[in-house]
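[1] Fold the stuff below for me.
(one chain, ligands or ions: 1)
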Amino acid sequence: MLTEIAAGNAYDVALENFDAAADALELNSDTREMIKYPERILAVTIPVRMDDGHIRRFEGYRVQHSSVRGPAKGGIRYHPQVTLDEVKALATWMTWKCAVVNIPFGGAKGGVTCDPKHMSTGELERMTRRYTSAILPMIGPEQDIPAPDVYTNPQTMAWIMDTYSMTKGYPIPGVVTGKPISLGGSLGRNEATGRGVFYTIESACEHLHLSMKGATVVVQGFGNAGSVAAQMLYDAGAKVIAVSDSTGCVYKRDGLDIPALIQMKSITGHVRGFPESDEITPAELLAMNCDILVPAALENTIRADNATVVRARIVAEAANGPVTPAADRILESKGIFLIPDILCNAGGVTVSYFEWVQDEQHLFWEAQDVYNRLERVMKTSFRDVLKIHLDRNVPMRIAANMLGIGRVAEAVQIRGIYP
Ligand code: NAD
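    You can find the predicted model right below:
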């Protein structure tokens, strides 16, 4: 299933989406040349002593797409299908995403091709520390600030912060975000992406005059982003009728008990076998009649070959790049309202920014303060994108890219070229 999902080239999608928005903005070719491609790419070899004593080599990457509006910012992914092109795509999207929510960061991303599910904690720690030391010249609180992504978490960030700090000789919490609270992490960071997804869905429901109470929801990918969004939708009275992870899909017409499902997954590691639910296939999950579909797994899950079966009213892209350009056109023709990834899942990087601000100022904000600021940023950004969508009569994805790319273009034009 994973091979099929990651089959498309995400970087081609990122470039195609850029061109569509740049055309709509009528950007001149000089500006396009300056902002379209990554500024800096590092590929590294990571030797790791495995628990059985032998040494295994992993490949890792760090891509800085843009530092035009501020330090580069973006997560680190551990996954068997990480490729340089995938990391370049994710770094590109980070640039437009930070600009859409108007935070003073550029875009970056990192990744290591590995299978963390089959590695021990010790192996993961040694790999993380060696990867950190390999990318060390590129990262830093004023330069490039990593964060968690798929299969990395606060513990991974703690190892990165420790390795970086030990090399410099003093503690530097601002080098990563998504840290444990005890190391200078922000309250609200862990659930920030899912919370932000929820705020954008709330705004979309308001725009479409769709009541959240009783709305039916399907979530593909029940990890950090997907499970928090599901929990908040459940708390708001929506019925989450189907959920999946990499091990299977569960379905219940009257709505799944999301708190119980989260609890079960935290113990067993999967959603499969959830009591009083039916097992369905990934294809059936996508085709489910529902109000809100939340793809929250990986790229290219909704493609030309399966977009026709989608029957949701809203598709909220918690994941990065889950809908291909061809599928975009199909969803658009069916009148489905899309909340594009660079808007929908920007809550994570927004609270990462809050965390970085707190680290730099040695401050510690209360959770409610973080939530209020996040809600304001997400709802303002939604309104800004919706306005372009309506005023210019362009799809929501193009509208979001126009907002983000337009802000980066303006900044690069003012900065000019060095030397
Ligand atoms: P995660 O590792 O916590 O969760 C990923 C989930 O997807 C897991 O439950 C996994 O089992 C599931 N999954 C993997 N393959 C699947 C498949 N083929 N079908 C169904 N489910 C599958 O990762 P996450 O942090 O929640 O990230 C998910 C997506 O959200 C990614 O695209 C990521 O880039 C994006 N995102 C995450 C954040 C963040 O702060 N965590 C921020 C912005 C965007």
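[2] Name the residues of the longest strand anywhere in the chain that are buried.
    Looking across the chain with DSSP state E, the single longest strand is strand 55-66. For strand 55-66, the neighbour count (16 or more other Cβ atoms under 10 Å) marks Phe58, Glu59, Gly60, Tyr61, Arg62, Val63, Gln64, His65, Ser66 as buried. In this view, the C-beta of every residue, glycine as well, is placed from N, C-alpha and C.
[3] in its sheet, what does it sit against?
    When pairing is defined by DSSP bridges, strand 55-66 lines up against strand 40-49 (antiparallel), strand 107-113 (antiparallel).
[4] Show me where this structure has its strands.
    40-49, 55-66, 72-79, 107-113, 144-148, 216-220, 239-245, 248-251, 278-280, 292-295, 314-316, 337-339.
[5] Out of those strands, flag the one nearest Asn190.
    strand 144-148 (8.8 Å; Cβ to Cβ).
[6] what angle do that closest one and strand 55-66 make?
    Put simply, strand 144-148 runs at 120 degrees to strand 55-66, going by axes from the mean of the first three to the mean of the last three Cα atoms, to 10 degrees.
[7] so strand 144-148 versus strand 72-79, what angle?
    Using the same axes, to 10 degrees: strand 144-148 against strand 72-79 is 40 degrees.
[8] Let me see the mean pLDDT of strand 144-148.
    Averaged over strand 144-148, pLDDT sits at 97.
[9] Same question for stretch 234-248.
    97.
[10] Around the ligand, pick out the residues from the stretch 201-350 of the chain.
    Counting by Cβ under 6 Å from any ligand atom, the stretch 201-350 of the chain comes close to the ligand at 220-226, 244-246, 282, 296-298, 318-320, 345, 348.
[11] in the top helix by length along the chain, what counts as buried?
    Using DSSP state H, we find that the single longest helix of the chain is helix 367-392. Buried residues in helix 367-392, counted by 16+ other Cβ under 10 Å: 370-371, 373-375, 377-379, 381-382, 384-386, 388-389.
[12] do stretch 253-270 as well
    Residues of stretch 253-270 classed as buried: Gly255, Leu256, Asp257, Ile258, Leu261, Ile262, Met264, Lys265 (neighbour count, 16+ other Cβ under 10 Å).
[13] Kindly report the same for stretch 170-182.
    Ile172, Pro173, Gly174, Val175, Val176, Thr177, Gly178, Lys179.
[14] which among the residues you listed gets closest to the ligand?
    Gly178 (6.9 Å; Cβ to the nearest ligand atom).
[15] And the residue of the protein closest to the ligand?
    Gly223 (1.7 Å).
[16] follow-up on the earlier one: could the buried residues of strand 55-66 be laid out in CSV, adding distance to His207?
    Shown next, in CSV, are the buried residues of strand 55-66 (distance: Cβ to Cβ, whole Å):
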residue, distance to His207
Phe58, 45
Glu59, 44
Gly60, 41
Tyr61, 38
Arg62, 38
Val63, 34
Gln64, 35
His65, 30
Ser66, 30
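[17] ok, the residue of the chain closest to the ligand touching Leu298?
    No - Gly223 is not in contact with Leu298 according to Cβ atoms under 8 Å; the separation is 10.1 Å.
[18] out of those two, which sits in the busier spot?
    Leu298 (22 against 19; other Cβ atoms under 10 Å).
[19] Just the mean pLDDT for stretch 154-164, thanks.
    98.
[20] Name the residues of it that come out as buried.
    Buried, per 16+ other Cβ under 10 Å, within stretch 154-164: Pro154, Thr156, Met157, Ala158, Trp159, Ile160, Met161, Asp162, Thr163, Tyr164.
[21] got these as a markdown table, with distance to the ligand columns?
    As requested, the buried residues of stretch 154-164 are exported to a markdown table (distance: Cβ to the nearest ligand atom, whole Å):
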| residue | distance to the ligand |
| --- | --- |
| Pro154 | 11 |
| Thr156 | 11 |
| Met157 | 11 |
| Ala158 | 16 |
| Trp159 | 17 |
| Ile160 | 15 |
| Met161 | 17 |
| Asp162 | 21 |
| Thr163 | 21 |
| Tyr164 | 20 |
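[22] for those, which one is nearest Glu142?
    For the buried residues of stretch 154-164, the residue nearest Glu142 by Cβ to Cβ is Tyr164; the value is 12.9 Å.
[23] Select the helix or strand of this structure having the lowest average pLDDT value.
    Least confident helix or strand of the chain, by mean pLDDT, DSSP states H and E, is helix 2-5 with a mean of 36.
[24] sorry, back to before: a markdown table for the strands paired with strand 55-66, including mean neighbour count and distance to Tyr11?
    Below are the strands paired with strand 55-66 laid out as a markdown table (neighbours: other Cβ atoms under 10 Å; distance: least, Cβ to Cβ, whole Å):
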| stretch | mean neighbour count | distance to Tyr11 |
| --- | --- | --- |
| strand 40-49 | 15 | 12 |
| strand 107-113 | 29 | 11 |
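[25] can you put these in CSV and add mean pLDDT and distance to the ligand?
    Output for those, formatted as CSV (pLDDT from 0 to 100; distance: least, Cβ to the nearest ligand atom, whole Å):
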stretch, mean pLDDT, distance to the ligand
strand 40-49, 98, 19
strand 107-113, 98, 9
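[26] quick one: which of those is nearest Arg32?
    Short answer: strand 107-113, nearest of the strands paired with strand 55-66 by Cβ to Cβ, at 16.1 Å.
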